[in-house]
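**Student:** Sequence first, then the predicted structure, then my questions.
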Amino acid sequence: MQLYSFFNSSTSYRVRIALALKGLDYDYKGINIRVGEQRADDYRALNPSQGVPLLVEDDGTALSQSMAIIDYLDGTHPEPRLLPAEPRARARVLELANAIACDMHPVNNLRILGYLKNRLEVSEEQKNDWYRHWIAEGFGAVEALLERYGHGPYCFGEAPTLADCCLVPQVANAERMGCDLSAYPRVMAVYQHCQRQPAFQQAAPSRQPDFTA
């Protein structure tokens, strides 16, 4: 299989974590979204949404959207499971994962920040205030969910789930943007535990072929 990815894309990072946890090999195809490679005609033909990640199977099956890709991987390579089979446990994992994937990430991704700066002409300070606001809103909710339902070194027990695949890249982005995360001790405890695990290390931005400082 092939993974079209950008080293610093948090959605690509989620999928790389899932692939590493499942021990799946793939060919890495770097797409530099900073310079607009995702809008090239040949890539747009593969992925009409013009983003990353994109997973392409050997039979030509192509899937975009990180949450769909991870769900697909869980169905086709079920060990280890990233979404529990038990309905309530599955719902809790999805609840936390979607608090990040649906509420936090979409308002702070590269194209939104670019629109704020280039089309609405907000200042750098205003753009950073925007980013920090949504990080605080989102991680406030995630911290509360972890305190209420989380347990163990990962978000939900002794093994990683989709929730951890989403949490780690979002924390990494927030740290890169200079956000103060001291108000979220449970979030940071999970993040720091994951950072010590080989699969999460393998998926890190700095370990990718297209990494640039």
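**Tutor:** It's in.
**Student:** rest of the way, CA atoms for contacts and neighbours
**Tutor:** Will do.
**Student:** May I have the secondary structure class of C102?
**Tutor:** Three-state secondary structure (criterion: DSSP: H, G, I helix; E, B strand; the rest coil) places C102 in helix.
**Student:** Quick check: the gap between it and G140.
**Tutor:** Here the distance between C102 and G140 works out to 15 Å (C-alpha to C-alpha, to the nearest Å).
**Student:** more neighbours, the two?
**Tutor:** G140 (15 against 12; other C-alpha atoms under 10 Å).
**Student:** what's the nearest residue to the more buried one if we skip its chain neighbours?
**Tutor:** Y184 (7.1 Å; C-alpha to C-alpha, 6 or more residues apart in numbering).
**Student:** Model confidence for the residue of the chain most remote from its centre, exactly?
**Tutor:** Residue farthest from the centre of the chain, counting by C-alpha atoms, centre = their mean, is E121 at 27.4 Å. pLDDT for E121: 94.
**Student:** Now the phi/psi pair for it, please.
**Tutor:** With angles defined as degrees, to the nearest 10, E121 sits at phi 60, psi 40.
**Student:** show me what contacts it?
**Tutor:** Under the criterion of C-alpha atoms under 8 Å, 6 or more residues apart in numbering, E121 has no neighbours.
**Student:** 32 is where my numbering starts, stick with that
**Tutor:** In the new count, where the first residue is 32, that last one comes out as E152.
**Student:** quick one: it from H164, how far?
**Tutor:** 18 Å.
**Student:** again with G67
**Tutor:** Note on G67: its distance to H164, by C-alpha to C-alpha, is 27 Å.
**Student:** between the two, which one's more packed in?
**Tutor:** Neighbours per residue, other C-alpha under 10 Å: of G67 and H164, the larger number sits with H164, 14 against 11.
**Student:** so what does the strand or helix carrying the more buried one touch, helix or strand wise?
**Tutor:** In this structure, H164 is located in helix 155-180 according to DSSP states H and E. Other elements packing on helix 155-180 under the criterion 3 or more C-alpha pairs under 8 Å, 6 or more residues apart in numbering; DSSP states H and E are helix 118-129, helix 136-139, helix 141-149, helix 216-226.
**Student:** Now tabulate the ones you listed in TSV and tack on mean neighbour count and distance to D195.
**Tutor:** Written out in TSV, the entries for these read as follows (neighbours: other C-alpha atoms under 10 Å; distance: least, C-alpha to C-alpha, whole Å):
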stretch	mean neighbour count	distance to D195
helix 118-129	17	8
helix 136-139	18	15
helix 141-149	14	22
helix 216-226	18	8
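**Student:** a markdown table for those, including distance to Y180 and mean pLDDT?
**Tutor:** Shown next, in a markdown table, are these (distance: least, C-alpha to C-alpha, whole Å; pLDDT from 0 to 100):
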| stretch | distance to Y180 | mean pLDDT |
| --- | --- | --- |
| helix 118-129 | 8 | 98 |
| helix 136-139 | 22 | 92 |
| helix 141-149 | 31 | 90 |
| helix 216-226 | 11 | 98 |
